[in-house]
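Novice: below are the sequence and a predicted model; questions follow.
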Amino acid sequence: TQLLEQSPQFLSIQEGENLTVYCNSSSVFSSLQWYRQEPGEGPVLLVTVVTGGEVKKLKRLTFQFGDARKDSSLHITAAQPGDTGLYLCAGLKPDSSYKLIFGSGTRLLVRP
Amino acid sequence: ETGVTQTPRHLVMGMTNKKSLKCEQHLGHNAMYWYKQSAKKPLELMFVYSLEERVENNSVPSRFSPECPNSSHLFLHLHTLQPEDSALYLCASSQDTGTGGEQYFGPGTRLTVT
């Protein structure tokens, strides 16, 4: 069974701090996506990374796919209260074009 | 309306009730999905439809019955549920089932079974 482990599970930081969230697996994925979910809402797609070693930036968010396509990280610079939410990573199984394996999420709280 | 919408947003039902969840996508997509999100567990894929044809049933109990009358609408019919079925039920859509997984989610229906 393919699993995605996310760490940390919870993170509470002060506005302006930097943070990194990790998503790890022993299995290879065709691609990996990051979502943010706010209370009472569904997950919103932030980015998709496809190539091993790929780095994508979305304003203050930097996403990296591991060289072996087994892990990924999300780095937030100068976090703001609006970044508060549940961050989910999801890997696409190599034998499927639509089956996503989701991590259990990192709940981030950015205090003003 | 834009994106993916779901109704109702909240639902409380007894174990003997029958109810339906509705999802509508306004993105022109051909694939639709039902997921279950329980506390402290990763999102679980339940069903996948491609062009109104079910292509995935992820070992879901028969008390959950999906229906996809067209590529824009998806229903989840519920009957004789158990308390452990209480969860957030999320609908998602994608361009098709071959687009590498980029899925767009609705806001979910928070279901409580009493």
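Specialist: Yep, it's here. Since the structure is predicted, the reported quantities are computational estimates derived from the model, not experimental observations. Numbering: from 1, shown residues only, chains lettered A, B, ... in the order given.

Novice: what residues sit buried inside stretch B:29-49?
Specialist: For stretch B:29-49, the neighbour count (16 or more other Cβ atoms under 10 Å in any protein chain shown) marks B:29-37, B:42-49 as buried. No exception for glycine: its C-beta is placed from N, CA and C like everyone else's.

Novice: and for stretch B:68-86?
Specialist: Buried, per 16+ other Cβ under 10 Å, within stretch B:68-86: B:68, B:71-72, B:74-76, B:78, B:81, B:85-86.

Novice: mind listing residues that contact the one helix or strand in chain B whose mean pLDDT sits lowest?
Specialist: In chain B, no helix or strand scores lower on mean pLDDT, DSSP states H and E than strand B:53-57, which sits at a mean of 86. Residues from elsewhere that reach strand B:53-57, judged by Cβ atoms under 8 Å, 6 or more residues apart in numbering or on different chains: A:98-99, B:45-49, B:66, B:68, B:97.

Novice: what lines up beside it in the sheet?
Specialist: Strand B:53-57 sits in its sheet next to strand B:44-50 (antiparallel), going by DSSP bridges.

Novice: CA atoms only for the partner strand, dumped as CSV, please.
Specialist: What follows is strand B:44-50, C-alpha atoms only, in CSV (Å, rounded to 0.1, in the frame of the first residue of the first chain):
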residue,chain,number,x,y,z
GLU,B,44,-10.4,8.3,0.8
LEU,B,45,-11.5,7.9,-2.9
MET,B,46,-15.0,6.3,-3.1
PHE,B,47,-16.2,6.5,-6.7
VAL,B,48,-15.0,7.8,-10.0
TYR,B,49,-17.1,8.5,-13.1
SER,B,50,-15.8,9.3,-16.6
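
Novice: for that strand, give me every contacting residue.
Specialist: With contact meaning Cβ under 8 Å, 6+ apart, strand B:44-50 is reached by A:98-100, B:30-38, B:54-58, B:60, B:64, B:66, B:68, B:74, B:76, B:96-97.

Novice: neighbours around A:Gln14, how many?
Specialist: The local packing of A:Gln14 (other Cβ atoms under 10 Å in any protein chain shown) involves 9 other residues.

Novice: does it touch A:Pro81 like I think?
Specialist: No: using Cβ atoms under 8 Å, A:Gln14 is not in contact with A:Pro81, being 10.2 Å away.

Novice: spell out which residues are contacts of both of these two.
Specialist: Overlap of the contact sets of A:Gln14 and A:Pro81 (by Cβ under 8 Å, 6+ apart) consists of A:110-111.

Novice: one step back: need the max-distance pair from the buried residues of stretch B:68-86.
Specialist: Spatial extent of the buried residues of stretch B:68-86 (Cβ to Cβ) is set by the pair B:Ser71 and B:Ser86 at 29.6 Å.
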